[in-house]
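Student: Sharing a model that was predicted from the sequence below.
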Amino acid sequence: MTGFTDIRAQGWVARLPASWRPYALLARFDRPIGAWLLVLPGYWAIAAAAPTGADGIRLMLLFTLGAFAMRGAGCVVNDLWDRELDRQVERTRGRPLASGAVTPWQAVAFLAALCAIGAAVLFSLPTMAIAVGLFSLVPIALYPLAKRITDWPQAVLGFVFSWAAPTGWAAATGTLDAAAFALWAAGFFWILGYDTVYAHQDREDDALVGIRSTARKFGADSAVFVAGCYAATVALLGVAGLLAGASLWFFLALLLPAWMLSRQAQALDIHDPALCLRLFKSNREAGLAIALAFLIGRL
């Protein structure tokens, strides 16, 4: 994996003022896939439950802004925890905190600004959604610790990243019900699967520095594990559709993301980090297809 990195300092990031670029890279604005994956379970809930199209569009815009801010904040917290370890891993040694381009105190100030944006979005939502959203803050902060103490840090991430589903449901309806938690569970298994794929980029370096993951735990059996996670995702999406009163069109439309996830598990080669990254990123399209299925299910 010599020289492999997922940092993308080209494109629009390269056109930013030089003093801004390290912060854009620190928040992973060069790689918006993480923000997409954070917001998509919220899209599922909004697509399934928003009372009107206008409400749905407004909530999706708010959730998108909040996702970019809070995903950026999560990356800053992660890199503050991991800056010493990141210097020892090929893919991450160029990150701004690990390389010294941003100091810890500068990172903390940037974190405060991102959290202020996220808070402004959250507190514009109904009371129930605010309460649900606040519940996720502690596990967000603790996630970087999980990779040091358990083989299942991907499960901790799954708990956090899928929380946009019940938050989105509460924002759309003002309440929580069984469908919201079925969506959360579907998101949990989806994230458990795709983050196992992602973790295979660092499997060898992680073993050297003592970082634990489901990629290391399952090793050569990872494709089977990922396939099982994705099967659970599709099954739970079906349950959510039933509970939400979706039409037959939803279940027919769900065949597309089911096929996309199946193909991803079949294509996985844990010895090809670039392929692992491409498969991981393909979950944006799969997640959008799920949101589309919920929209179609309202016909």
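Tutor: Nice, I can see it. Numbers count the residues shown, from 1 in each chain.
Student: so how far is stretch 286-299 from its chain's centroid?
Tutor: 18 Å (CA atoms, centre = their mean, to the nearest Å).
Student: What residues sit buried inside that stretch?
Tutor: 286-287, 289-297 (16 or more other CB atoms under 10 Å). The C-beta positions use only the backbone N, C-alpha and C, and glycine is treated the same way.
Student: which outside residues touch that stretch?
Tutor: 36-37, 40-41, 43-44, 47-48, 190, 237, 241, 244, 246-247, 249-254, 256-257, 260-261, 264 (CB atoms under 8 Å, 6 or more residues apart in numbering).
Student: Buried among those residues? Need that as a selection in ChimeraX.
Tutor: Restricted to buried positions by 16+ other CB under 10 Å, the ChimeraX selection for those reads:
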select :36,37,40,41,43,44,47,48,190,237,241,244,246,250,251,253,254,257,260,261,264
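Student: Now for the closest residue to residue 114 other than its chain neighbours: which residues touch it?
Tutor: Distances taken as CB to CB, 6 or more residues apart in numbering put residue 73 closest to residue 114, at 4.1 Å, once the chain neighbours are dropped. Residue 73 is in contact with 27, 111, 114-115, 118, counting by CB under 8 Å, 6+ apart.
Student: Residue 73 sits in which helix or strand?
Tutor: helix 53-86 (DSSP states H and E).
Student: next one: that helix to chain centre, how far?
Tutor: With CA atoms, centre = their mean, you get 9 Å for helix 53-86.
Student: what comes up buried for that helix?
Tutor: Neighbour-count burial for helix 53-86 flags 56, 59-60, 62-79, 81-83, 85-86 (criterion: 16+ other CB under 10 Å).
Student: ok so, going back, including distance to residue 95, could the buried residues of stretch 286-299 go into CSV?
Tutor: As requested, the buried residues of stretch 286-299 are arranged in CSV below (distance: CB to CB, whole Å):
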residue, distance to residue 95
286, 27
287, 25
289, 31
290, 31
291, 31
292, 34
293, 36
294, 36
295, 37
296, 40
297, 41
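Student: Narrow those to those in helices?
Tutor: 286-287, 289-296 (DSSP state H).
Student: quick one: which of those residues is nearest residue 99?
Tutor: residue 287 (31.5 Å; CB to CB).
Student: related to what we said a few turns ago, scan the contacts of residue 73 and report the most crowded one.
Tutor: residue 27 (26 neighbours; other CB atoms under 10 Å).
Student: rewinding a little: quick check: mean pLDDT of the helix or strand that comes right after the helix holding residue 73?
Tutor: Counting by DSSP H and E, the next helix or strand C-terminal to helix 53-86 is helix 96-99. Mean pLDDT, helix 96-99: 86.
Student: now do stretch 292-299
Tutor: On average, stretch 292-299 scores 96.
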